[in-house]
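Student: Okay, structure incoming, though there's no sequence with it:
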Ligand code: CMC
């Protein structure tokens, strides 16, 4: 009769251990009993980038990386992208179910009444330099929200969590748009709650002297679908950040600011910006084969390709590629698309990329659309952060409610010096003999 257990033999001692397997995992703490002596700390696992470690149990997002499957709360991403709106998807992610009509109306009302920000937020954003990166402004300003809402510290209070959720989903687009207007030297545009979530965001970005801004419906829908595609993605770098920082029981604004900071990096949400820079550098379709050779030789990476989890075409990239055609009908074609398509064509036939299962990810085509829609490159990671806010807050709340979670605190394997005696400065070795060791430290 097969058992859901794992038998481990420690060849150092000859001892045998049986540990339970639950949901396809063993509990790392079950290894601690494996010791060579009574005073041995016990066996640990070493997993520097969590490549094979589950840090939580979650009901929010499911990914099958080998099959290229992504579902929010069980609903396939393709269906949501076709039939849902971002605000409805945010409800689904946060609450676990699709809303009925009454719930949707309430949710829409409850998030819209939080689109305004305190006037001091404007002054706060004014304090940034004229050329500040909008993502830096977003990180700082979302963090600053915690000083406006000290009630957010009541993280174990359901009503408080609900209010902060609505505030974050409501206000992040406003902060993002203000950051953009600041960098353009334009006056801030207040929210227009008559418009859709995405339409209002476009209005706050692009409204000039017209009395009422009417977003182009094709671009409004395209951006809404892009928001749906970016709403959550299980335990990625920024979601791990929101959970890890949130595990200290800090307020959700500070935790979401930390997540935004994680998203800022070029290997995560900054990748779409890096893709455009790469395409501009390649310059033309004719230069693509040479560029591919460079990437294969380890000179830089083919940005927008590869993924820790997807070892198949990222399902979001497929949808985005389709949206690009719809957007170009309105905006005119972004010439960079030809270079991107050629890069994809060559890479997907090339042994290097095939063997490593490197396919286009969500960032490969999204930047090309954003650029065609008139967004400067510095806004791209911000456009990722807005919809991901729903995912971050849902993951944060799931962590807060989970009785198995504690403050995140990994172990380390210490490989530094043993105990040493402090030596007076005049007795320390000459710099030349220790220069290498010291200068390599940072
Ligand atoms: N171009 C060329 N080679 C690559 C690439 C790439 N984009 N990505 C991975 N490789 C190679 C890598 O050099 C390694 O080769 P080898 O085994 O010979 O050393 C192998 O593929 C495995 O790479 P890895 O770095 O161990 O894989 P990872 O799971 O740690 O990294 C990744 C995943 C997304 C950071 C990486 O694929 C990458 O840097 N891609 C480019 C940046 C990018 O597009 N990021 C957006 C990710 S999706 C959205 C998001 O999370 O925000």
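Tutor: Sure thing, it's come through. As the structure is a computational prediction, the values presented were derived from the model and not from experiment.

Student: where does the residue in the stretch 51-200 of the chain that the ligand sits nearest to land in three-state SS?
Tutor: Of all residues in the stretch 51-200 of the chain, residue 51 sits closest to the ligand, at 7.3 Å by CB to the nearest ligand atom. The way it works is simple: take the backbone N, C-alpha and C, and place the C-beta from them, glycine included. Using DSSP: H, G, I helix; E, B strand; the rest coil, the structure places residue 51 in coil.

Student: what do you get for residue 269?
Tutor: At residue 269 the chain is in coil, as set by three-state DSSP.

Student: same thing with residue 316?
Tutor: Counting by three-state DSSP, the backbone at residue 316 sits in helix.

Student: who touches it in this structure?
Tutor: For residue 316, the residues meeting the contact criterion (CB atoms under 8 Å, 6 or more residues apart in numbering) are 70, 77, 229, 230, 361, 362.

Student: For the third one, which non-adjacent residue is spatially closest?
Tutor: This points to residue 229. The spatially closest residue to residue 229, leaving aside those adjacent along the chain, is residue 316, at 4.4 Å (CB to CB, 6 or more residues apart in numbering).

Student: Also the first one?
Tutor: With CB to CB, 6+ apart as the criterion, residue 70 has its nearest non-adjacent residue at 4.3 Å, and that residue is residue 77.

Student: What residues does the stretch 151-300 of the chain have near the ligand?
Tutor: Where the stretch 151-300 of the chain comes near the ligand, counting by CB under 6 Å from any ligand atom, the residues are 236, 267, 268, 269, 271, 295.

Student: one step back: so which pair among the contacts of residue 316 is furthest apart in space?
Tutor: Comparing all pairs in these by CB to CB, the longest separation belongs to 77 and 361, at 13.6 Å.

Student: buried ones in stretch 120-134?
Tutor: 121, 124, 125, 128, 132, 133, 134 (16 or more other CB atoms under 10 Å).

Student: So is the strand or helix carrying residue 327 next to the ligand?
Tutor: Taking DSSP states H and E as the definition, one finds residue 327 inside helix 315-331. No. Applying CB under 6 Å from any ligand atom, one finds helix 315-331 out of contact with the ligand, separated by at least 8.8 Å.

Student: For residue 7, which non-adjacent residue is spatially closest?
Tutor: Of all residues beyond its chain neighbours, the one nearest residue 7 is residue 18 (5.3 Å), with distances taken as CB to CB, 6+ apart.

Student: How about the contacts made by the residue in the stretch 251-400 of the chain that the ligand sits nearest to?
Tutor: Residue nearest to the ligand within the stretch 251-400 of the chain: residue 306 (2.3 Å; CB to the nearest ligand atom). If you count contacts by CB under 8 Å, 6+ apart, residue 306 has them with 356, 358, 359, 361.

Student: Which among those count as buried?
Tutor: Neighbour counting over the contacts of residue 306 (16+ other CB under 10 Å) leaves 358, 359, 361 as the buried ones.

Student: what angle sits between the helix or strand following the helix holding residue 327 and helix 315-331?
Tutor: Next in sequence after helix 315-331, counting helices and strands by DSSP H and E, comes helix 336-347. Angle, helix 336-347 to helix 315-331, by axes from the mean of the first three to the mean of the last three CA atoms, to 10 degrees: 150 degrees.

Student: So the chain: which segments form each domain?
Tutor: Per automatic domain parsing, the domain ranges recorded for the chain read 5-45, 65-442.

Student: Now mean pLDDT and distance to residue 57 too, for the ones you listed, in JSON lines please.
Tutor: Formatted as JSON lines, these follow (pLDDT from 0 to 100; distance: least, CB to CB, whole Å):
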{"stretch": "domain 5-45", "mean pLDDT": "98", "distance to residue 57": "7"}
{"stretch": "domain 65-442", "mean pLDDT": "95", "distance to residue 57": "7"}
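
Student: Deepest-packed of the ones you listed, please.
Tutor: domain 65-442 (a mean of 18; mean count of other CB atoms under 10 Å).

Student: any idea how far that one is from the chain center?
Tutor: Mean C-alpha position of domain 65-442 versus that of the full chain (CA atoms, centre = their mean, to the nearest Å) differs by 5 Å.

Student: hang on, the earlier thing: please report the distance of the residue of the stretch 51-200 of the chain closest to the ligand from residue 99.
Tutor: Distance, residue 51 to residue 99, using CB to CB, to the nearest Å: 36 Å.

Student: what does residue 85 give?
Tutor: 11 Å.

Student: Settle this for me: residue 154 is touching residue 160, isn't it.
Tutor: Yes. Counting by CB atoms under 8 Å, residue 160 is a contact partner of residue 154 at 4.1 Å.

Student: Can you name the residue of the stretch 101-250 of the chain nearest to the ligand?
Tutor: Nearest residue of the stretch 101-250 of the chain to the ligand: residue 236, at 5.1 Å (CB to the nearest ligand atom).

Student: For that residue, give me its contacts.
Tutor: 268, 308.

Student: cool, and residue 415?
Tutor: Contacts here follow CB under 8 Å, 6+ apart; on that basis residue 415 touches nothing.

Student: Let me know the secondary structure of it.
Tutor: Using three-state DSSP, the structure places residue 415 in coil.

Student: roughly how far apart are it and residue 41?
Tutor: Distance from residue 415 to residue 41, by CB to CB: 15 Å.

Student: Then residue 212?
Tutor: Distance of residue 212 to residue 41, computed by CB to CB: 67 Å.
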